[in-house]
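> any chance you can model this:
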Amino acid sequence: MRSHRRIRWAAIPVAAVMALVLAGCTQDQLQGWLPTEAGTTNHVDSIIGLWVTSWIVLLIVGLIVWGLVIWASIAYRRRKGQTGLPVQLRYNLPIEIFYTVVPLILVLGFFAFTARDQAAIEAPTANPDVKIDVYAKRWAWDFNYIDQQNEDESTYYQGIQAQEEADGTVDESQLPVLYLPVNKTVEIELKSRDVAHSFWVVDFLYKKDTIPGKTNYMYFTPEKEGTFTGKCAELCGEYHSLMLFNVKVVSQDEYDAYQQTLADEGNTGLLGDEYNTNTNQPNNEAPVASGAEDSEK
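From the prediction side, this is the model:
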């Protein structure tokens, strides 16, 4: 009973100090300085939780390790008049098991929680409200808004590379813009027209590569309206830094109005693989030189 009381009394000042420290933290600090806000998408909160919890655990481990290092350095330092090494601790089975098992538990714990959250994020949405094809290309983006009832009624947006101003800034008005309706499930199909790129919406805290000859997918629900920064996160060539875009999360009415604007401009149908510049892909036939067919005959 006494030991339990001591533990409780020891926990009180620790809890008080932690509460005081956390009370003084800003919202940015509480979410680990991540470049977003809680609730931006249905996945953001779990990513913030994983990030912050991991850092708390690592900081605690770091404090314990540094504390033990400092304590051992002071307690077992060479005193005046002493020679040689202090008494060495060897073949202590309990301690050896401890410093083997504890790191193993930490590694397995990090892996388990990361795998859990990643599995939830990667889980396909059975019947998404919105399906969009995203083609990455040097150095811009094409967006196909797929009409799931009739593909012929689909619309598209063909983006261009970010345009630099004389002062080195970027003309935001000419950046490719991906529109998404708020609180609707979204499936994004990711493809590349040439080399490896990476589709990254910074505030969504998730990115995924676009790889030639392979299709990747992202599933999420945007939960806050606003304009969010996007960029390519894979070094893809000379103008990689200008492969920018924006994501606008808007109401359903505004999203429908934008789709109608694309249709009125004649941007109907789909921009498909026929615009790919890299033709050296699996299952593609190599071009035959003129006269080669005659010589084979």
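> give me the phi and psi for the residue of the chain positioned farthest from its centre.
Within the chain, the residue lying farthest from the chain centre (Cα atoms, centre = their mean) is residue 81, at 58.5 Å. Backbone torsions of residue 81, given as degrees, to the nearest 10, read phi 90, psi -10.
> show me the strands in the chain, by range?
For the chain, strands defined by DSSP state E occupy the ranges 130-137, 140-146, 155-158, 177-181, 186-192, 197-201, 206-210, 216-220, 226-232, 244-250.
> Serialize these to TSV and add fields for distance to residue 260.
(Each C-beta comes from the backbone N, C-alpha and C, glycine too.) Shown next, in TSV, are the strands of the chain (distance: least, Cβ to Cβ, whole Å):
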stretch	distance to residue 260
strand 130-137	15
strand 140-146	11
strand 155-158	9
strand 177-181	12
strand 186-192	19
strand 197-201	24
strand 206-210	28
strand 216-220	25
strand 226-232	20
strand 244-250	13
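> which one of those lies nearest to residue 122?
strand 216-220 (7.4 Å; Cβ to Cβ).
> the closest one versus strand 186-192: what angle between them?
160 degrees (axes from the mean of the first three to the mean of the last three Cα atoms, to 10 degrees).
> can I get strand 216-220 as PDB, trimmed to CA atoms?
The C-alpha coordinates for strand 216-220 follow below in PDB (Å, rounded to 0.1, in the frame of the first residue of the first chain):
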ATOM      1  CA  ASN A 216      -1.300   4.700 -57.800                       C
ATOM      2  CA  TYR A 217      -4.300   5.800 -55.800                       C
ATOM      3  CA  MET A 218      -5.200   8.200 -53.000                       C
ATOM      4  CA  TYR A 219      -8.400   8.100 -50.900                       C
ATOM      5  CA  PHE A 220      -9.500  10.900 -48.600                       C
END
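> coming back round to it: compare the strands of the chain and give me the one nearest residue 116.
strand 206-210 (15.4 Å).
> output the contacting helices and strands for that closest one.
strand 130-137, strand 186-192, strand 197-201, strand 216-220 (3 or more Cβ pairs under 8 Å, 6 or more residues apart in numbering; DSSP states H and E).
> in its sheet, what does that strand sit against?
strand 197-201 (antiparallel) (DSSP bridges).
> what is the closest residue to residue 41 other than its chain neighbours paired to in the beta sheet?
Nearest in space to residue 41, with sequence neighbours left out and distances taken as Cβ to Cβ, 6 or more residues apart in numbering, is residue 220 at 4.7 Å. As for beta bridges, residue 220 partners with residue 186 under DSSP bridges.
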